[in-house]
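*Asks:* coords below, sequence missing:
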Ligand SMILES: NC(=O)c1ccc[n+]([C@@H]2O[C@H](COP(=O)([O-])OP(=O)(O)OC[C@H]3O[C@@H](n4cnc5c(N)ncnc54)[C@H](O)[C@@H]3O)[C@@H](O)[C@H]2O)c1
């Protein structure tokens with residue numbers, strides 16, 4: 001997809017960080033934005049930025065990606081109001097740290113319901129309509145560098161992001177073999193200065209403290225603070241979609257991390273611990 005002018009771009013998790021950056025970037029390209037999030041205040045901020053800074057058209061929708069029926073309703077209403085969806089960005093995500101043997105099952109349910117089922121629900125609601133329209137389209141699923149290399153003390157998040165990456169590969173292959181003119185990219189950012197370390201701000205019920213999880217979240221907050229500006233990620237996504245890139249990274253160190261991991265696996269060894277930047 002080359003020209004985004006007048007195209008409809010639906011973005012989940014658009015009330016903050018990377019999703020907000022994508023909303024502004026696609027609006028600057030002339031796309032009409034449907035920004036979705038559970039955070040009404042964050043959505044207001046994004047809508048203002050899209051209008052004031054990008055001169056764009058934006059609809060802000062409170063949608064919880066854990067709710068498949070809500071995404072179905074959204075897909076139908078986007079079709080009715082805007083004539084369909086051209087670019088779908090399944091971006092909403094949350095983080096919870098901790099060792100896999102300590103994390104309560106509620107943490108697994110919460111992270112997987114947003115990071116994995118959020119994408120699954122998005123695909124089930126939007127892709128059949130995008131295929132039926134016969135129009136050119138593109139899907140961007142946000143995974144992470146943690147979906148390409150396994151890091152420590154964040155097993156739930158890593159599992160959710162490896163799943164998001166695998167899901168994106170299968171989706172791309174299946175769409176290609178079906179002949180639908182819909183491209184797929186998986187966004188695997190390195191550190192970005194967002195609010196991901198305080199994901200629990202949007203969580204209704206927080207189970208009792210998990211010692212290592214809180215320590216990891218404070219390390220993650222420092223790590224993100226050193227990351228790039230989320231407003232710089234949006235144009236990288238636009239550029240990656242335009243080039244038809246499957247994997248979109250935010251630093252040029254991605255191939256080296258993959259090489260180290262894959263060479264170890266090719267020797268049947270455990271990949272060495274690598275901390276991405
Ligand atoms: N920040 C990083 O360093 C980094 C690195 C790699 C990947 N990511 C991924 O980028 C994506 C965006 O995160 P971010 O870093 O911008 O964090 P963020 O916390 O700033 O933004 C995430 C947004 O998702 C929303 N959200 C959370 N649960 C939701 C739900 N159930 N339904 C709808 N919206 C929901 C939040 O309200 C928030 O506005 C996530 O998938 C995250 O895993 C972030």
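*Replies:* Arrived safely, thanks for sending. Worth saying up front: this structure is predicted, and the values here are computed from it rather than measured.
*Asks:* Write out the residues of the protein neighbouring the ligand.
*Replies:* The chain has residues 12-13, 15-19, 37-39, 42, 64-66, 91-94, 114, 142, 144, 189, 191-192, 194-196, 199, 202, 224, 227, 230 near the ligand, with proximity defined as Cβ under 6 Å from any ligand atom. Every C-beta, even on glycine, is put in place using the N, C-alpha and C of the backbone.
*Asks:* These in strands, which ones?
*Replies:* If you go by DSSP state E, those have 12, 37, 142 in strands.
*Asks:* what's the second one in contact with, if anything?
*Replies:* The neighbourhood of residue 37, defined by Cβ atoms under 8 Å, 6 or more residues apart in numbering, consists of 12-16, 19, 43, 46, 60, 62-63, 92.
*Asks:* Quick one, which of the residues you listed are buried?
*Replies:* Using 16 or more other Cβ atoms under 10 Å as the burial test, these include 12-16, 19, 43, 46, 60, 63, 92 as buried.
*Asks:* and of the residues you listed, the nearest to residue 71?
*Replies:* residue 63 (6.6 Å; Cβ to Cβ).
*Asks:* Is that closest one in contact with residue 72, as I believe?
*Replies:* No: proximity of residue 63 to residue 72 does not meet the contact threshold set by Cβ atoms under 8 Å, at 10.6 Å.
*Asks:* Out of the buried ones among the contacts of residue 37, which sit inside helices?
*Replies:* Within these, membership in helices is found for 19, 43, 46, as judged by DSSP state H.
*Asks:* could those go into a markdown table alongside pLDDT?
*Replies:* Output for those, formatted as a markdown table (pLDDT from 0 to 100):
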| residue | pLDDT |
| --- | --- |
| 19 | 99 |
| 43 | 98 |
| 46 | 98 |
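*Asks:* okay, these in CSV with distance to residue 2 next?
*Replies:* Listed next are those as CSV, based on distance: Cβ to Cβ, whole Å:
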residue, distance to residue 2
19, 23
43, 29
46, 25
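*Asks:* Can you tell me which of those residues is closest to the ligand?
*Replies:* In terms of Cβ to the nearest ligand atom, no member of those lies closer to the ligand than residue 19, at 5.6 Å.
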